[in-house]
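Peer 1: Model the structure of this input:
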Amino acid sequence: MALIVPVRGFTPEIGDECFLAENATIIGDTIIGDQCSIWFNTVIRGDVNSIRIGNRVNIQDGSVLHTLYQKSSIEIGDDVSIGHNVTIHGAIIKDGALIGMGSVVMDDAVVGEGAIVAAGSVVLSKTIIEPGALYGGCPAKFIKKVDPEQSREINQKIAKNYLFYSKWYTEETEEED
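Peer 2: The predicted structure is shown next:
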C-alpha cells in the first residue's frame with residue numbers, strides 16, 4: 001500500500017479505481033481523480049500547497065510533484081501522462097498533455113491542452129505553452145505545432161496503456177470485467 005501522509009490537517013483524497021504503487025508517497029492537500037495510476041517511487045507532496053490531479057492521469061516512476069508555500073499550486077487536467085522522473089513544481093498541466101521523461105516544469109508555467117513537452121526539457125517559471133504545441137530543450141522552446149488529432153491519439157493511447165498496465169497490479173483482470 002502506498003504511503004498516505006496527512007499533514008497540517010489535510011489528508012490526501014484518492015478517486016475510484018486508482019492504482020497506487022506500494023512505494024508511492026502521497027502527502028497532504030492532494031486530491032487525485034478516478035482511474036489514475038501513481039507509479040513506483042513517485043512523491044506527490046501537497047504539504048505546503050494544494051495539488052489537484054484529474055481523471056485518468058498517469059504519473060510514472062520516480063516523478064516528484066511539489067509547490068511553493070502560499071505561492072504556487074499544481075493543477076493537472078484529465079488524460080495527462082507524466083513520464084518517468086519528471087519534476088513538476090507549482091505548474092498547471094491542461095487536459096491531454098504529455099510531459100516527457102526527465103523533464104522539469106517550474107512554478108507558474110502552463111502546459112496547454114494536448115501539448116507535448118519533449119523528454120529532458122526544462123520548462124522555466126511562467127512559461128506558457130500553447131495548446132497543441134511541442135516544446136523541447138533546456139530551456140524549453142517552441143519546436144512546432146502538432147496535428148491536434150495526432151496529439152490526441154498519442155496522448156490518449158499512453159493514458160489508456162497506463163490504465164491497462166495498472167490492472168496487472170490489482171486482483172482485477174480484463175477477463176473479469
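Peer 1: and stretch 105-113, C-alpha only, in CSV?
Peer 2: Taking C-alpha atoms only, stretch 105-113 is exported to CSV below (Å, rounded to 0.1, in the frame of the first residue of the first chain):
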residue,chain,number,x,y,z
VAL,A,105,8.2,22.1,-15.3
MET,A,106,8.6,25.0,-12.9
ASP,A,107,6.3,27.3,-10.9
ASP,A,108,3.5,29.2,-12.7
ALA,A,109,4.2,27.5,-16.1
VAL,A,110,1.2,26.4,-18.0
VAL,A,111,1.2,23.5,-20.4
GLY,A,112,-1.7,23.8,-22.8
GLU,A,113,-4.3,21.2,-23.8
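Peer 1: what comes into contact with that stretch?
Peer 2: The contact list for stretch 105-113, computed with CB atoms under 8 Å, 6 or more residues apart in numbering, reads 67-68, 71-72, 77, 86-97, 99, 117, 122-133. Every residue, glycine included, has its C-beta placed from N, CA and C.
Peer 1: got it, and stretch 127-137?
Peer 2: Applying CB under 8 Å, 6+ apart, the contact partners of stretch 127-137 are 94, 100, 106, 109-123, 139-146, 148, 151.
Peer 1: what bits of this protein have low per-residue confidence?
Peer 2: Judged against pLDDT under 70, the low-scoring parts of the chain cover residues 171-177.
Peer 1: That's all I had, so thanks and see you.
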